[in-house]
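Student: sharing a model prediction with you, sequence too.
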Amino acid sequence: MSDHRLFTILDLAGTFAFAISGAVAAKDRGLDWFGVMVIAFAVACGGGVVRDLCIGAVPPTGLTDRRYLAVALVAAWMTIAAGPLVTRLAHPVTLFDSLGLGLFAVTGAQKAMIFGHSAEVAVLLGVVTAVGGGVARDVLLNRVPVILRREIYALAALVGAVIEVAGERLGWMSSWRTWVALTACFALRYLSLRYKWNLPRAPGRNSKSD
Amino acid sequence: MSDHRLFTILDLAGTFAFAISGAVAAKDRGLDWFGVMVIAFAVACGGGVVRDLCIGAVPPTGLTDRRYLAVALVAAWMTIAAGPLVTRLAHPVTLFDSLGLGLFAVTGAQKAMIFGHSAEVAVLLGVVTAVGGGVARDVLLNRVPVILRREIYALAALVGAVIEVAGERLGWMSSWRTWVALTACFALRYLSLRYKWNLPRAPGRNSKSD
Amino acid sequence: MSDHRLFTILDLAGTFAFAISGAVAAKDRGLDWFGVMVIAFAVACGGGVVRDLCIGAVPPTGLTDRRYLAVALVAAWMTIAAGPLVTRLAHPVTLFDSLGLGLFAVTGAQKAMIFGHSAEVAVLLGVVTAVGGGVARDVLLNRVPVILRREIYALAALVGAVIEVAGERLGWMSSWRTWVALTACFALRYLSLRYKWNLPRAPGRNSKSD
């Protein structure tokens, strides 16, 4: 399978994962079905749109390629229609969010490299793509983003993006490095939640202030 | 009147409507007059700036064309100076917000088509232009955006943008389709508030959670 | 010293100031050290990234020039490591925030002029660069931005940007006008906090509503 094809499939899978995550959060917040669809699409494409604006790929793929819209709407519809099923799963938001995080970290870094940018830009935009959707979801739902509350989140995205970019520089096979990067990011994120791994907090004046 | 001229006039009218909406909300929040002006300008131009970044029209018109700044400042000044009058009107935020929603859905879609983008991009950017200002206002004032709380909002923008784009594809006369699209969006939004039309909610785990 | 060199040094200094401000706020909120670094970088580069997207300078300098990342990480590390020292200073967030405000208002306006844009665009993007980081910090930490709560904030940025742009048009020496603009903005902002200068509020319906 060509690089480009693998990239597209992974990107659509990440879109689906984040759309589910956004739709579940929006539904839990009591939104109507149209609001659920809007949030699902915004969360699914938010990170990618910022990435595309930063590398000058306008209009962003999230808007031009109707498969992204279709995937987001299917995810929203599944969440609404099969609600009892989806919500009864343990931590579905968390699971899909972790999956989307890994997928977008990898594909975001890939796209920046395909556009010929440096390793540093590729890593940063991998993190932005991965983190952007979740941040947009939480800002729109008016809460402090999980990136701030759940400790190993952006760090997992960083690990995934670094593996992908370093692998490319070291000449690893494309599909190989993609699966390693994706698995590392997902595993780090998911296990950190499962076993409550935390990074140390800096001793603040008062962590409950403000 | 040429298409371009109609487009400009409607865009400025939408800017004025959203600026009033932003200024009234900022004033209700107790901001000083400079803060009211900043919010009025940010709300009035937020959606259009995102649209222009997405179609590569940089610098965005909201920054280069000083008429937008002038219109936003006049709206803010009117809100401050004629405060008792403006706030005594029933639901002025709602009225102007509905009007701006319709105007920006139409002009946002128009501009994307003028720049040669596909029907799908034009519809999506019409919605983004229309919804962006109100979302920016609510995120800046730290509350869940009306797009999430008031049910028929983005849907009304979608209806307006779809009519505008479909009309263009079907060869309707430019001014004709613009008024139909604008009226449909405004009426749908305003009547839904007046008569409390709602879309069904998806049954969530707990709509008050989080 | 050449204009370009002065511009770079000031821009890095502003980056450092805003990164400290973001790191201190994030630390006070009880985030772990990685979260502190992410917020420090986001706050330091947020305004500049928006400016660069608006003038079509992609990828934004904040992503391509690794000195910005390095400066932000050093600032975050200093805040974490020398925490008791930094937080014991009176109002360190405020001090560094005021300094960053002035530096970014000037360098934001400079960069827009270097790219050949009009005086109006340069002033507006100076304000956006200056205000963007602080707004991003407060939106991410889920509170109403200081731009809305602390009265003379965006106004100080406006004054700095206007002096810089007007000075350039009047043919003032580059370093001269930069220091005047920077000092005016910083002094206005800092003294307004020190002596609690306020702009008058518009009489709202109810300043505590919502």
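Tutor: Looks like it came in fine. Just so it is clear, the model here is predicted, and its values are computed rather than measured. Numbering: from 1, shown residues only, chains lettered A, B, ... in the order given.
Student: sketch out the helices for chain A, chain order is fine.
Tutor: Using DSSP state H, the helices assigned to chain A run over residues A:3-28, A:33-54, A:61-64, A:66-81, A:83-88, A:92-114, A:119-140, A:146-149, A:154-169, A:174-194.
Student: dump those to JSON lines, plus mean pLDDT.
Tutor: Formatted as JSON lines, those follow (pLDDT from 0 to 100):
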{"stretch": "helix A:3-28", "mean pLDDT": "81"}
{"stretch": "helix A:33-54", "mean pLDDT": "89"}
{"stretch": "helix A:61-64", "mean pLDDT": "88"}
{"stretch": "helix A:66-81", "mean pLDDT": "90"}
{"stretch": "helix A:83-88", "mean pLDDT": "65"}
{"stretch": "helix A:92-114", "mean pLDDT": "85"}
{"stretch": "helix A:119-140", "mean pLDDT": "90"}
{"stretch": "helix A:146-149", "mean pLDDT": "66"}
{"stretch": "helix A:154-169", "mean pLDDT": "93"}
{"stretch": "helix A:174-194", "mean pLDDT": "88"}
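Student: save these as CSV, and put in distance to chain B and mean neighbour count too.
Tutor: Using the backbone N, CA and C atoms, a C-beta is placed for each residue, glycine as well. Putting those into CSV (distance: least, Cβ to the nearest Cβ, whole Å; neighbours: other Cβ atoms under 10 Å in any protein chain shown) gives the following:
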stretch, distance to chain B, mean neighbour count
helix A:3-28, 5, 23
helix A:33-54, 5, 27
helix A:61-64, 5, 22
helix A:66-81, 4, 20
helix A:83-88, 5, 14
helix A:92-114, 10, 26
helix A:119-140, 6, 25
helix A:146-149, 12, 21
helix A:154-169, 21, 24
helix A:174-194, 17, 19
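Student: same list (those helices) but as a markdown table, adding distance to chain C.
Tutor: A markdown table is the format used below for the helices of chain A (distance: least, Cβ to the nearest Cβ, whole Å):
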| stretch | distance to chain C |
| --- | --- |
| helix A:3-28 | 15 |
| helix A:33-54 | 5 |
| helix A:61-64 | 15 |
| helix A:66-81 | 21 |
| helix A:83-88 | 25 |
| helix A:92-114 | 8 |
| helix A:119-140 | 5 |
| helix A:146-149 | 5 |
| helix A:154-169 | 5 |
| helix A:174-194 | 11 |
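Student: want to try CSV for the ones you listed, with distance to B:Arg169 as columns?
Tutor: Listed next are those as CSV, based on distance: least, Cβ to Cβ, whole Å:
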stretch, distance to B:Arg169
helix A:3-28, 27
helix A:33-54, 23
helix A:61-64, 17
helix A:66-81, 16
helix A:83-88, 36
helix A:92-114, 31
helix A:119-140, 31
helix A:146-149, 42
helix A:154-169, 41
helix A:174-194, 40
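Student: which among those is found nearest to B:Leu99?
Tutor: Proximity to B:Leu99, assessed across these by Cβ to Cβ, is greatest for helix A:33-54 (20.7 Å).
Student: how much space between the residue in chain A positioned nearest to chain B and A:Val36?
Tutor: Per Cβ to the nearest Cβ, A:Gly30 is where chain A lies closest to chain B, at 2.9 Å. According to Cβ to Cβ, to the nearest Å, A:Gly30 and A:Val36 sit 10 Å apart.
Student: before we move on, the earlier item: next one: phi and psi at the residue of chain A closest to chain B?
Tutor: phi 80, psi 20 (degrees, to the nearest 10).
Student: what is the burial count for it?
Tutor: Applying other Cβ atoms under 10 Å in any protein chain shown, we find 19 residues neighbouring A:Gly30.
Student: pLDDT at it, what is it?
Tutor: Model confidence at A:Gly30, given as pLDDT, is 78.
Student: measure it to chain C for me?
Tutor: 19 Å (Cβ to the nearest Cβ, to the nearest Å).
Student: got it, and A:Gly171?
Tutor: 23 Å.
Student: count the neighbours of that residue for me.
Tutor: Once other Cβ under 10 Å is used to define contacts, A:Gly171 is seen to have 7 neighbours.
Student: C:Leu103 versus that one, what's the distance?
Tutor: 42 Å.
Student: repeat that for A:Trp179.
Tutor: Counting by Cβ to Cβ, the gap from A:Trp179 to C:Leu103 is 44 Å.
Student: please apply the same query to A:Thr79.
Tutor: 46 Å.
Student: cool, A:Ala122 as well?
Tutor: For A:Ala122 relative to C:Leu103 (Cβ to Cβ), the value is 29 Å.
Student: cool, A:Asn198 as well?
Tutor: In terms of Cβ to Cβ, A:Asn198 sits 35 Å off from C:Leu103.
Student: and A:Thr107, by the same measure?
Tutor: 36 Å.
Student: what of A:Ala112?
Tutor: According to Cβ to Cβ, A:Ala112 stands 29 Å off from C:Leu103.
Student: then A:Ala161?
Tutor: With Cβ to Cβ as the criterion, A:Ala161 and C:Leu103 are 30 Å apart.
Student: check A:Gly56 too.
Tutor: Counting by Cβ to Cβ, the gap from A:Gly56 to C:Leu103 is 27 Å.
Student: kindly report the same for A:Ala75.
Tutor: Where C:Leu103 is concerned, A:Ala75 sits at a distance of 44 Å (Cβ to Cβ).
Student: same check, this time on A:Gly30
Tutor: Distance from A:Gly30 to C:Leu103, by Cβ to Cβ: 44 Å.
Student: before we move on, what about A:Phe16?
Tutor: 43 Å.
Student: what of A:Gly108?
Tutor: Counting by Cβ to Cβ - A:Gly108 and C:Leu103 are separated by 30 Å.
Student: isn't A:Val128 up against A:Gly108?
Tutor: Yes - in this structure, A:Val128 is within contact of A:Gly108 by Cβ atoms under 8 Å, at 6.7 Å.
Student: quick one: contacts for the residue lying closest to A:Ala17 once chain neighbours are set aside?
Tutor: Counting by Cβ to Cβ, 6 or more residues apart in numbering or on different chains, A:Ala17 lies nearest to A:Gly100, which is 3.6 Å off, once chain neighbours are set aside. A:Gly100 sits next to A:Gly14, A:Thr15, A:Ala17, A:Phe18, A:Ser21, A:Ala130, A:Gly133, A:Gly134 when contact means Cβ atoms under 8 Å, 6 or more residues apart in numbering or on different chains.
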